[in-house]
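K.L.:
dropping the sequence and predicted coords here.
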Amino acid sequence: MRSLLLCLGFAAVAAAQTGPGGWRSMFDGKTLDGWRETPFARHGAVKVEDGALILEPGGPMTGVTRTGDAPKSRYEVRFEAKRVRGGDFFASVTFPVGDSYCTFVTGGWGGDIVGLSSINGWDASENETRAYFEFEAGRWYAFRLEVTPERIRVWIDGQPVTDANIEGRTVGLRPGDTKLCVPFGFMSYNTAGAIRKIEYRELPRP
């Protein structure tokens, strides 16, 4: 009886983690299963090391693009990332927003600008989501991204850094090779980055 109860308990936990509203893993920490190297020109190496996806510096960009299951609308994504070396963005994430896509930039334009690219055609460095965040090399940061038809919100280590109203506005990608990360992916710019613990969950409809 005790063994049966334990099995039922473990099954309930697994259902909560993978069922509607539960967090779903997108990275097994061991392989590139469900991912492919983004075909940026002169990209650096992509590998798995110590439970993390490693993006080596490219000329200028290196990335990974999701080929397995991924969020589509009304969802949250969370992951941890760190800048290993270099001075620009190290884990910028491209993600779906309805029928379009957007990128949250992690420390671009010299290393400390975060924000959404693009809104109404304006980059993160130019629109109202522009914010400054100092990233220490070698330190892991926890990111959480929330996407709904009305808003895009982002937190770093629990601190809100982006809260953008997107109703009636054009959300899209910066012109160029970022589109190669669609539908979901990460990229670094002339910088080595590491990403781990990538998960998503669907949000309930109001």
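P.N.:
Ah, there it is. This is a predicted model, so every value here is computed, not measured.

K.L.:
what segments of the chain are helices?
P.N.:
Applying DSSP state H to the chain gives helices spanning 2-18.

K.L.:
any low-confidence regions in it?
P.N.:
1-20 (pLDDT under 70).

K.L.:
so what's D88 up against?
P.N.:
Residues near D88 by C-beta atoms under 8 Å, 6 or more residues apart in numbering: 107-111, 188-191. Placement of C-beta: from N, CA and C, glycine included.

K.L.:
cool, R78 as well?
P.N.:
R78 sits next to 23, 142-145, 197-200 when contact means C-beta under 8 Å, 6+ apart.

K.L.:
likewise for G59?
P.N.:
G59 neighbours (C-beta under 8 Å, 6+ apart): 41-44, 190.

K.L.:
measure G172 to F184 for me?
P.N.:
15 Å (C-beta to C-beta, to the nearest Å).

K.L.:
please identify which of the two sits among more neighbours.
P.N.:
Remark: of G172 and F184, F184 carries more neighbours, 24 against 18, as counted by other C-beta atoms under 10 Å.

K.L.:
next, that one: phi, psi?
P.N.:
Main-chain torsions, F184, degrees, to the nearest 10: phi -150, psi 130.

K.L.:
pretty sure it contacts D69?
P.N.:
No - in this structure F184 lies outside contact range of D69 using C-beta atoms under 8 Å: 9.7 Å.

K.L.:
joint contacts of those two?
P.N.:
By C-beta under 8 Å, 6+ apart, no residue touches both F184 and D69.

K.L.:
quick one: the residue positioned nearest the centre of the chain and G158, what's the gap?
P.N.:
Centroid-nearest residue in the chain: V93, 3.7 Å away (criterion: C-alpha atoms, centre = their mean). Going from V93 to G158 by C-beta to C-beta gives 18 Å.

K.L.:
please apply the same query to S117.
P.N.:
Distance, S117 to G158, using C-beta to C-beta: 23 Å.

K.L.:
among the two, which residue is more densely surrounded?
P.N.:
Ranked by neighbour count (other C-beta under 10 Å), S117 and G158 place S117 first, with 25 against 7.

K.L.:
isn't the more buried one right up against V105?
P.N.:
Yes - the criterion here is C-beta under 8 Å, and S117 meets it with V105 at 5.7 Å.

K.L.:
now do the shared contacts for the two.
P.N.:
Common contacts of S117 and V105 (C-beta under 8 Å, 6+ apart): A124.
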